[in-house]
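Asker: Only the shape, not the letters, is given here:
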């Protein structure tokens with residue numbers, strides 16, 4: 001019988017970790033193992049959900065395995081908690097997985113199934129800076145839950161880069177098992193394409209000689225959209241034939257739209273929302289701007305480099321993502337004006353890659369299969 005591998009994740013909204021798990025599920029197939037997903041939340045109709053379901057990937061949604069209590073107040077909350085915990089135990093008891101791979105703070109959601117997981121290999125990917133994940137009281141429940149899992153079963157932690165290893169040990173001890181496993185991208189899909197460039201620039205209504213600066217990321221604090229718009233505004237004053245493309249959605253989008261309007265840049269900035277055609281859309285860009293306050297290991301920068309785009313990145317982003325001579329790291333402290341000057345003075349050069357294909361989906365899946373024990 002083929003081994004069963006379950007990826008556990010809070011949801012399949014449009015995000016880096018969610019995209020990674022989607023890539024895993026699509027790349028694995030079911031030739032060597034039965035590979036499925038367990039979402040510890042509700043079915044939300046996100047695009048990634050539909051892509052996976054259309055591909056025949058099995059997804060179980062915890063929200064469909066129990067009914068929330070209609071009793072108001074504390075009693076109703078207790079009843080609901082009892083029901084979802086029972087549902088988690090029953091799911092894993094019936095599924096009998098050989099491998100359980102956790103993503104994005106789901107440890108506290110699978111603790112109720114401790115006894116049902118004693119025979120499974122457990123894996124836990126840390127998708128961001130551990131101190132942003134777990135410091136303070138914000139996610140103390142997750143740390144306690146993972147420690148409880150560790151007391152009953154070995155866990156192999158996956159760090160996205162070597163800089164995170166010591167931080168993860170600070171939370172769970174020196175003797176835990178940790179491997180560095182890069183994020184995965186289908187590198188070939190992001191190769192620059194002249195026809196796609198023409199088609200997508202036509203969609204954006206920009207001329208061929210317009211400098212298109214792009215960004216892909218959720219509209220929330222770490223992505224630093226405020227600074228991003230300021231940098232573009234400064235650049236646009238120096239280069240009027242320029243256009244900013246913002247791909248993604250999130251709670252802060254309206255605020256950024258208002259900022260763009262206040263700067264009278266509405267005709268020079270496109271808000272595209274969530275897109276599933278990123279690999280094609282990047283062909284329309286000339287520059288990739290990424291001034292994040294903090295990151296784990298952002299897939300979008302691997303994709304941008306694979307697309308051959310000069311990338312201007314805040315120096316808070318790990319150097320582990322630097323796989324080419326396309327990366328320029330800049331301090332946020334130097335200000336938006338200086339960032340604009342660096343973009344303006346950038347000179348094209350022959351692209352040289354160094355380690356990019358370590359992030360290719362096929363390379364990463366091979367390593368993952370070996371870690372799971374699916375391939376010996």
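Answerer: Happy to help now that I have it. What you see is a predicted model; the values in this text were computed from it and never measured.
Asker: Just to check, residue 9 is in contact with residue 103?
Answerer: Yes. Using C-beta atoms under 8 Å, residue 9 makes contact with residue 103 at a distance of 4.6 Å. Every C-beta, even on glycine, is put in place using the N, C-alpha and C of the backbone.
Asker: which neighbours do the two share?
Answerer: Listed contacts common to residue 9 and residue 103 are 17, 21; contacts here mean C-beta atoms under 8 Å, 6 or more residues apart in numbering.
Asker: List the contacts of residue 364.
Answerer: Neighbour list for residue 364: 181-184 [criterion: C-beta under 8 Å, 6+ apart].
Asker: what's the answer for residue 343, then?
Answerer: When contacts are counted by C-beta under 8 Å, 6+ apart, residue 343 touches 213, 231, 235, 287, 289, 312.
Asker: where in the stretch 201-350 of the chain is pLDDT low?
Answerer: By pLDDT under 70, the stretch 201-350 of the chain contains no weakly predicted segment.
Asker: Strands of that one, start to end?
Answerer: Applying DSSP state E, counting those that start in this stretch to the stretch 201-350 of the chain gives strands spanning 211-216, 242-247, 269-273, 287-290, 311-314, 327-330.
Asker: Just put those in CSV and tack on mean neighbour count and distance to residue 347.
Answerer: Converted to CSV, those look like this (neighbours: other C-beta atoms under 10 Å; distance: least, C-beta to C-beta, whole Å):
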stretch, mean neighbour count, distance to residue 347
strand 211-216, 24, 14
strand 242-247, 23, 17
strand 269-273, 17, 26
strand 287-290, 24, 13
strand 311-314, 22, 14
strand 327-330, 17, 11
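Asker: Identify whichever of those lies nearest to residue 85.
Answerer: Closest approach to residue 85 among the strands of the stretch 201-350 of the chain (C-beta to C-beta): strand 269-273, 36.2 Å.
Asker: Tell me the confidence at residue 48?
Answerer: Listed pLDDT for residue 48 reads 93.
Asker: Kindly reformat the strands of the stretch 201-350 of the chain as CSV and extend each row with distance to residue 3.
Answerer: Formatted as CSV, the strands of the stretch 201-350 of the chain follow (distance: least, C-beta to C-beta, whole Å):
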stretch, distance to residue 3
strand 211-216, 35
strand 242-247, 37
strand 269-273, 39
strand 287-290, 38
strand 311-314, 39
strand 327-330, 39
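Asker: For residue 74, find the nearest of those strands.
Answerer: Of all the strands of the stretch 201-350 of the chain, strand 269-273 comes closest under C-beta to C-beta, at 39.2 Å.
Asker: Roughly how far does the nearest residue to residue 303 once chain neighbours are set aside sit from residue 321?
Answerer: What sits nearest to residue 303 in space, not counting adjacent residues and going by C-beta to C-beta, 6 or more residues apart in numbering, is residue 190, at 5.2 Å. Applying C-beta to C-beta, to the nearest Å, the value for residue 190 to residue 321 is 15 Å.
Asker: between those two, which one's more packed in?
Answerer: residue 321 (28 against 21; other C-beta atoms under 10 Å).
Asker: ok, that one touching residue 303?
Answerer: No. Residue 321 lies out of contact with residue 303 (C-beta under 8 Å); the separation is 10.9 Å.
Asker: Surely the residue nearest to residue 303 touches residue 282?
Answerer: Yes. At 6.3 Å, residue 190 counts as touching residue 282 under the criterion of C-beta under 8 Å.
Asker: Pull up the overlap in contacts between the two.
Answerer: Common contact partners of residue 190 and residue 282 (C-beta under 8 Å, 6+ apart): 303, 307.
Asker: Surely residue 102 forms part of a helix?
Answerer: No. Assigned with DSSP: H, G, I helix; E, B strand; the rest coil, residue 102 falls outside any helix and is strand.
Asker: Please report how far it lies from residue 156.
Answerer: Residue 102 is 11 Å from residue 156, where distance means C-beta to C-beta.
Asker: Find residues that contact each of those two.
Answerer: Contacts common to residue 102 and residue 156, judged by C-beta under 8 Å, 6+ apart, are 122-124.
Asker: In a markdown table, list those along with neighbour count.
Answerer: Shown next, in a markdown table, are the shared contacts of residue 102 and residue 156 (neighbours: other C-beta atoms under 10 Å):
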| residue | neighbour count |
| --- | --- |
| 122 | 24 |
| 123 | 23 |
| 124 | 23 |
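Asker: In strands, which of those residues appear?
Answerer: Among those, DSSP state E puts 122-124 in strands.
Asker: Give the other helices and strands that the longest helix along the chain contacts.
Answerer: As assigned by DSSP state H, the longest helix anywhere in the chain is helix 73-95. Counting by 3 or more C-beta pairs under 8 Å, 6 or more residues apart in numbering; DSSP states H and E, the packing neighbours recorded for helix 73-95 are helix 107-110.
Asker: Surely residue 290 and residue 298 touch.
Answerer: Yes. In this structure residue 290 lies within contact range of residue 298 using C-beta under 8 Å: 7.2 Å.
Asker: okay, and the common contacts of those two?
Answerer: The contact sets of residue 290 and residue 298 overlap at 217, 317 (C-beta under 8 Å, 6+ apart).
Asker: Which residue, neighbours along the chain excluded, lies closest to residue 155?
Answerer: By the measure of C-beta to C-beta, 6+ apart, the closest residue to residue 155 outside its immediate chain neighbours is residue 122, 4.5 Å from it.
Asker: Lovely, talk soon.
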